[in-house]
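> below are the sequence and a predicted model; questions follow.
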Amino acid sequence: MPSSRLLRLIAGFLLWMSVEQPAAAQAIAAEQALIAASGRGDAKEVARLIGGGADVNARDGGGRTALLAATQGNHVEAARVLIAAKSDVNAKDHIQDSPYLLAGASGHIEILRLTLASGADLASVNRYGGTALIPAAHYGHVETVRELLGTAIDIDHINNLGWTALLEAIILGDGGARHTEIVRLLVAAGASVNLGDRDGKRPLAHAQSRRQGEIVNILSAAGAIP
């Protein structure tokens with residue numbers, strides 16, 4: 001016959017199973033509901049779930065927080081609620097996106113501003129080793145580049161491909177109005193016009209080979225050499 005001590009242990013375990021486990025399951029359900037509501041941009045539901053105690057920094061199977069889910073959909077009001085509740089603007093998912101980095105790469109300017117005001121790590125890098133400025137230049141997000149150039153971000157940071165923001169705007173850009181304006185902004189902010197890629201090919205040579213006439217003029221006026 002089990003001892004009284006063993007019976008007490010069993011009773012305690014059964015009590016824990018009946019009380020703690022359902023509570024833990026409910027907490028997980030609330031966290032996942034928060035991420036889903038953030039992804040839909042349902043700011044009222046986000047606020048309700050946070051008010052009920054849902055962890056704003058909980059993650060889904062891909063490592064996303066609710067704030068990253070909101071950022072992916074450019075849901076500004078949901079993001080605002082989450083950031084006010086101290087969601088981590090630098091928390092990365094499994095592919096190294098954070099709310100700050102993704103907002104920069106996607107041109108989600110309002111969310112980017114919220115993350116910058118809430119402790120964005122300007123030195124953080126994405127899976128390609130690039131700061132937020134580099135993909136912003138690549139995708140032609142003029143206002144995003146302008147916003148980031150108003151911070152202390154490293155304008156000449158080199159990513160894993162050996163490219164700076166200036167090089168990426170030229171190499172991956174289309175030479176049109178948006179990328180031309182980005183080159184103008186980068187040069188005016190002091191980007192190195194003669195910092196080449198890993199093969200030593202400089203920005204001016206890349207622009208010339210792509211027949212980006214206005215960009216060639218901007219670089220030449222800034223003292224660039226082929």
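Yep, that arrived.
> return the distance of the nearest residue to residue 206 once chain neighbours are set aside relative to residue 45.
Excluding its sequence neighbours, the residue lying closest to residue 206 (C-beta to C-beta, 6 or more residues apart in numbering) is residue 170, at 4.8 Å. To be clear about C-beta, it is placed using only N, CA and C from the backbone, and glycine gets the same treatment. As defined by C-beta to C-beta, to the nearest Å, residue 170 lies at a distance of 44 Å from residue 45.
> of those two, which one has the most company?
residue 170 (31 against 17; other C-beta atoms under 10 Å).
> continuing past the helix or strand bottoming out on mean pLDDT in the chain, what's the next helix or strand?
Taking mean pLDDT, DSSP states H and E as the measure, the helices and strands of the chain show their lowest mean at helix 4-40, namely a mean of 68. Per DSSP states H and E, helix 4-40 leads on to helix 43-51 as the next helix or strand towards the C-terminus.
> so what secondary structure elements neighbour that following helix?
Packed against helix 43-51 by the contact rule (3 or more C-beta pairs under 8 Å, 6 or more residues apart in numbering; DSSP states H and E) you find helix 4-40, helix 76-84.
> any idea of the angle it forms with helix 76-84?
Here helix 43-51 runs at 20 degrees with respect to helix 76-84, directions being taken by axes from the mean of the first three to the mean of the last three C-alpha atoms, to 10 degrees.
> domain map for the protein?
Domain assignment for the chain, taken from automatic domain parsing, gives 1-121, 125-226.
> by mean pLDDT, show me the worst of those domains.
Averaging pLDDT over each of the domains of the chain singles out domain 1-121 as the lowest, with a mean of 87.
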